[in-house]
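K.L.:
here are the coordinates; sequence isn't available:
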């Protein structure tokens, strides 16, 4: 199935959780915040939140800024 | 002498220099900057993770004792700022937020109206809101009414290092606004930060001037000292400067006649 | 919000000791600042500031010029009524004083208004005693129907009112409120106002703030200097002005600096406020609050009023009678107090011009017709 991650379409396997996606991309879950279809996903439900076809996902982290 | 405490957002700070994490040639210098300046508050921005390349995590470079002040840079409207603020809070690093709403990319001047709107929404949600604004009395008052924890007027447009160009307007905010005034943006030299503090500003936020110095750590130390010196000068009540030596013509002469 | 807790705190504080502790260096420091705090104003009012009067005058003069130019706004009081239920022991209209009581009828008021308007004056201050039943809010509104035709700006100096009553008067064309606390010393106030509605210190103290909230354009406070310790009263008057300025930045805040004058009745002032004291008070006010309006009445002599022109004053009364019908009615009248500067409006104007000052009759006119504003 296809989801949109940070504005780009990506093919992912069915039944993947948010946590699974982060792990597959070597992203440490503690360093990011996730917005799924404009809703913030709390980090304690990363594992139980499953992705669906057509989902829009934003993965954000703190970067340098003033 | 009693310790000079700067209380904001439920925190008691002993240092009045806020620093940032933007524009460093190498983020590895940030711990040195924090230590040399004595700063206790540091800003970060929120961005999409770059999925193609593995960039370092700025959070690894921020000493644990620092109070994080995420900004809403990138927001062009109040709604976008609110969205970024909520995401930043979900990072689990506290509820401080610097509102920055900019839709003019030529001058990068903050939109006071949208900033006040975002401030009101976020203050109600329990954020410690520090709005970054032009040095404008009405905007500052709107931020006070909206529930801001401090007002952060700019000294000059962001990143210009041009100094305290808004001096007279900042002075008005210091006089009229009952919240802490933190001069943000534009300060390029320690002497300018010192002047802002001497005028009675409560703190200064300096990022570019430190990050782009040839020796950021040394510049950070200089800013830390300048802010301290300015604060002490303000607290000590400076002596009189005499603008005139002798009165041109006495105005009270009539009082001694009778 | 109320100025009362602040006032009460100052009243309870040992201000005399604090005045005595002020040094010349404190005064110098206050004079050097661009923005003064309460402690700086306190220093300028203190005895320690008396050797610095000339320096204060130079600074006050510069600030006055900067903020107001070489102008003096002229106005005159119009006494509508001298019925009064109060027993203010220092006042000529005290209920106990056996004087003829009268109140202008609309036709008489028209005569009075015409006589004043003929002098060129455009700003009017209407006064009554404390007589809610006689000089009622309705009576005042009917007076405004007459006065609006002649005067673009009318202020009231009457009994303390509720916010909605002030708002109703604003709607009828009143744009300014003058109300003096007389003294900010609550204990002394009680002895000076033994009976009558004015006895309520706090109700009167909050009246200027109610006026600000009701939409008055100008609010003028003051203490009758000499009733109590003038330094204390002058200091708290200034703090009252600062309190209102801070909270109601859309209102022009003014203070009056009246000092006790002889009048019918037995009361004589407790402390004498000398010319030097008056000048110090005015200078300190100006330096503390650079854009404060400062009003000086015809209680002061012509000579004194001319001498203080550069020092901070911005508004002066002219062509004054403090008696009801004093501008158009014949016969002997008893005024509220005796005036000292008896010059006509024309004489005042000539004297101001002579000194290089422009007499200002009118500095604003409402754009909207108050009659129709409410209906919109």
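P.N.:
Received, thanks. Quick caveat: nothing in here was measured; it's all calculated off a predicted structure.
K.L.:
C-alpha only now, for contacts and for neighbours.
P.N.:
OK.
K.L.:
burial of residue B:124, as a residue count?
P.N.:
By the measure other C-alpha atoms under 10 Å in any protein chain shown, the count of residues near residue B:124 is 13.
K.L.:
what's the burial count for the closest residue to it other than its chain neighbours?
P.N.:
Using C-alpha to C-alpha, 6 or more residues apart in numbering or on different chains and skipping the chain neighbours, the partner closest in space to residue B:124 is residue B:147 (7.6 Å). The number of residues packed around residue B:147, counting by other C-alpha under 10 Å, is 21.
K.L.:
where does residue B:147 land on pLDDT?
P.N.:
Residue B:147 carries a pLDDT score of 97 in this model.
K.L.:
Show the contacting residues for it.
P.N.:
B:119, B:120, B:123, B:124, B:129 (C-alpha atoms under 8 Å, 6 or more residues apart in numbering or on different chains).
K.L.:
Same question for residue C:299.
P.N.:
For residue C:299, the contact set (C-alpha under 8 Å, 6+ apart) comprises C:258, C:259, C:261, C:338, C:339, C:340, C:341.
K.L.:
Report the separation between residue C:298 and residue C:340.
P.N.:
Using C-alpha to C-alpha, to the nearest Å, we find residue C:298 at a distance of 6 Å from residue C:340.
K.L.:
Next, the closest residue to chain A within the stretch 101-250 of chain C: secondary structure please.
P.N.:
With C-alpha to the nearest C-alpha as the measure, the residue in the stretch 101-250 of chain C that lies nearest chain A is residue C:246; the distance is 33.0 Å. Of the three states, residue C:246 takes helix under DSSP: H, G, I helix; E, B strand; the rest coil.
K.L.:
check contacts around it.
P.N.:
Remark: with contacts taken as C-alpha under 8 Å, 6+ apart, residue C:246 is in contact with residue B:176.
K.L.:
got it, and residue B:217?
P.N.:
Residue B:217 makes contact with B:29, B:32, B:33, B:36, B:37, B:210 under the criterion C-alpha under 8 Å, 6+ apart.
K.L.:
Going along the chain, name the helices of the stretch 1-150 of chain B.
P.N.:
B:30-37, B:78-90, B:112-124, B:137-146 (DSSP state H, counting those that start in this stretch).
K.L.:
Roughly how far does the closest residue to residue C:70 other than its chain neighbours sit from chain B?
P.N.:
Closest residue in space to residue C:70, ignoring its immediate chain neighbours: residue C:357 at 5.0 Å, by C-alpha to C-alpha, 6+ apart. Spatial separation of residue C:357 from chain B under the definition C-alpha to the nearest C-alpha, to the nearest Å is 16 Å.
K.L.:
Distance-wise, check residue C:357 relative to residue C:74.
P.N.:
For residue C:357, the distance to residue C:74 equals 12 Å [C-alpha to C-alpha].
K.L.:
neighbour count winner among those two?
P.N.:
Set side by side, residue C:357 and residue C:74 show more neighbours around residue C:74, with 25 against 17, by other C-alpha under 10 Å.
K.L.:
Would you agree residue B:127 is in contact with residue B:95?
P.N.:
Yes - using C-alpha atoms under 8 Å, residue B:127 is in contact with residue B:95, at 5.0 Å.
K.L.:
about what we covered before: just the buried ones out of the contacts of residue B:147, please.
P.N.:
Of the members of the contacts of residue B:147, the ones counted as buried by neighbours, 16 or more other C-alpha atoms under 10 Å in any protein chain shown, are B:119, B:120, B:123, B:129.
K.L.:
Return the distance of the second one relative to chain A.
P.N.:
Computed with C-alpha to the nearest C-alpha, the distance linking residue B:120 and chain A is 21 Å.
K.L.:
How about the third one?
P.N.:
Spatial separation of residue B:123 from chain A under the definition C-alpha to the nearest C-alpha is 19 Å.
K.L.:
can you tell me the residue of chain A closest to chain C?
P.N.:
Taking C-alpha to the nearest C-alpha as the measure, the point where chain A comes nearest chain C is residue A:66, at 31.5 Å.
K.L.:
Which positions in stretch C:239-247 come out as buried?
P.N.:
Taking 16+ other C-alpha under 10 Å as the basis for neighbour counts, the residues of stretch C:239-247 that come out buried are C:239, C:240, C:241, C:242, C:243, C:244, C:245.
K.L.:
got it, and stretch A:3-23?
P.N.:
Judged by neighbour count (16+ other C-alpha under 10 Å), stretch A:3-23 contains these buried residues: A:3, A:4, A:5, A:6, A:16, A:17, A:18, A:19, A:20, A:21, A:22.
K.L.:
So what's the gap between the longest strand anywhere in chain A and the chain middle?
P.N.:
Using DSSP state E to assign secondary structure, the strand with the most residues in chain A is strand A:56-64. In terms of C-alpha atoms, centre = their mean, to the nearest Å, the centre of strand A:56-64 is found 9 Å from the chain centre.
K.L.:
Against which helices or strands is that strand packed?
P.N.:
Judged by 3 or more C-alpha pairs under 8 Å, 6 or more residues apart in numbering or on different chains; DSSP states H and E, strand A:56-64 is in contact with strand A:2-5, strand A:33-36, strand B:41-48.
K.L.:
the inter-axis angle of it versus strand B:41-48?
P.N.:
Regarding strand A:56-64 and strand B:41-48, their directions subtend 150 degrees when assessed with axes from the mean of the first three to the mean of the last three C-alpha atoms, to 10 degrees.
K.L.:
Please name the strands paired to strand A:56-64 in the sheet, noting orientation.
P.N.:
Using DSSP bridges, strand A:56-64 pairs in its sheet with strand A:2-5 (parallel), strand A:33-36 (antiparallel), strand B:41-48 (antiparallel).
K.L.:
Identify, out of the helices and strands packed on strand A:56-64, the most deeply packed stretch.
P.N.:
Each of the helices and strands packed on strand A:56-64 was given a mean neighbour count from mean count of other C-alpha atoms under 10 Å in any protein chain shown, and the largest, a mean of 23, is that of strand B:41-48.
K.L.:
chain center to that one: distance?
P.N.:
Distance, stretch centre to chain centre, for strand B:41-48: 15 Å (C-alpha atoms, centre = their mean).
K.L.:
Show me what from the stretch 1-150 of chain C comes close to chain B.
P.N.:
Proximity of the stretch 1-150 of chain C to chain B, by C-alpha under 8 Å from any C-alpha of the partner chain, involves residues C:28, C:29, C:30, C:31, C:32, C:33, C:35, C:53, C:54, C:55, C:57, C:58.
K.L.:
If you tally nearby residues, what's the number for the fifth one?
P.N.:
Using other C-alpha under 10 Å, residue C:32 is surrounded by 18 other residues.
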